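Participant: Here you go, sequence then predicted model.
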Amino acid sequence: MAILGKELSQLMPHEIELLKEAASALARCGENLENSLAQLREAEASLDHFGPDGRKPRVQEERATGGSSAIPAADLCSKSSRAVSAGTEVDLKDSGTESAGRGINLRSHAVQQYRLARDRAEEALYTYLVQREAIGLRTHAFVWNTYPMPPLRKTTN
């Protein structure tokens, strides 16, 4: 296998060190991209728990199977005054929205977290592509197949 136009046995110690550093930097960018995409998927999932009115969690009717896939409103709103979305914890009391009866708009927070997660994932993807090109990897089909970016969702507050 030839690297930098030389066989591995012909590489100087400083060349080997540079290759190790380039591989390490690419690995860090890849891990960052994976984490960003995971946070984006979590943010998308939190959007799915809210109805179109944006004021209460979506509650699905019990089906013949005997279950509901939506998170009950009581689990999201009544016992805790904290919401966790995309790895960020928010104190709802600080925003003056303490109970579901007062119409907590957790969906607007979920939309905000989705947009933030989307921006981070796009930036991580861009950084990963730049790092790949910096070390000479010019084709990115592997990236598109391995780290697919979910389609942009329409969101309104």
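Facilitator: Yep, that arrived. None of these values were measured; they are calculated from a predicted model.

Participant: Now residue 149, what are its backbone angles?
Facilitator: With angles defined as degrees, to the nearest 10, residue 149 sits at phi -80, psi 120.

Participant: wait, isn't it in contact with residue 120?
Facilitator: No: Residue 149 is beyond contact range of residue 120, at 11.7 Å (criterion: CB atoms under 8 Å). From N, CA and C alone the C-beta is placed, and that goes for glycine too.

Participant: who's more crowded, the two?
Facilitator: Set residue 149 next to residue 120 and count neighbours by other CB atoms under 10 Å: residue 120 wins out with 19 against 16.

Participant: ok, so what distance separates the more buried one from residue 35?
Facilitator: According to CB to CB, to the nearest Å, residue 120 stands 9 Å off from residue 35.

Participant: what sits in contact with each of these two?
Facilitator: Residues within reach of residue 120 and of residue 35 at once, by CB atoms under 8 Å, 6 or more residues apart in numbering: there are none.

Participant: And for stretch 21-34, what's in contact with it?
Facilitator: In contact with stretch 21-34 (CB under 8 Å, 6+ apart) are residues 121, 124-125, 127-128, 131-132, 134-135, 147.

Participant: one more time with 7 Å
Facilitator: 124-125, 127-128, 131-132, 135, 147 (CB atoms under 7 Å, 6 or more residues apart in numbering).

Participant: Show me those residues that map onto strands.
Facilitator: Among those, no member falls in strands (DSSP state E).

Participant: Quick check: PyMOL command selecting the buried ones in these.
Facilitator: To isolate the buried ones among the contacts of stretch 21-34 in PyMOL, judged by 16 or more other CB atoms under 10 Å, type:
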select buried, resi 124+125+128+131+132+147
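
Participant: Could you dump the contacts of stretch 21-34 into TSV and include pLDDT and distance to residue 13?
Facilitator: Output for those, formatted as TSV (pLDDT from 0 to 100; distance: CB to CB, whole Å):
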residue	pLDDT	distance to residue 13
124	97	32
125	97	34
127	97	29
128	97	28
131	95	23
132	94	25
135	89	19
147	94	33
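
Participant: Could you single out the nearest of the contacts of stretch 21-34 to residue 48?
Facilitator: Relative to residue 48, the closest of the contacts of stretch 21-34 is residue 147; by CB to CB it sits at 21.7 Å.
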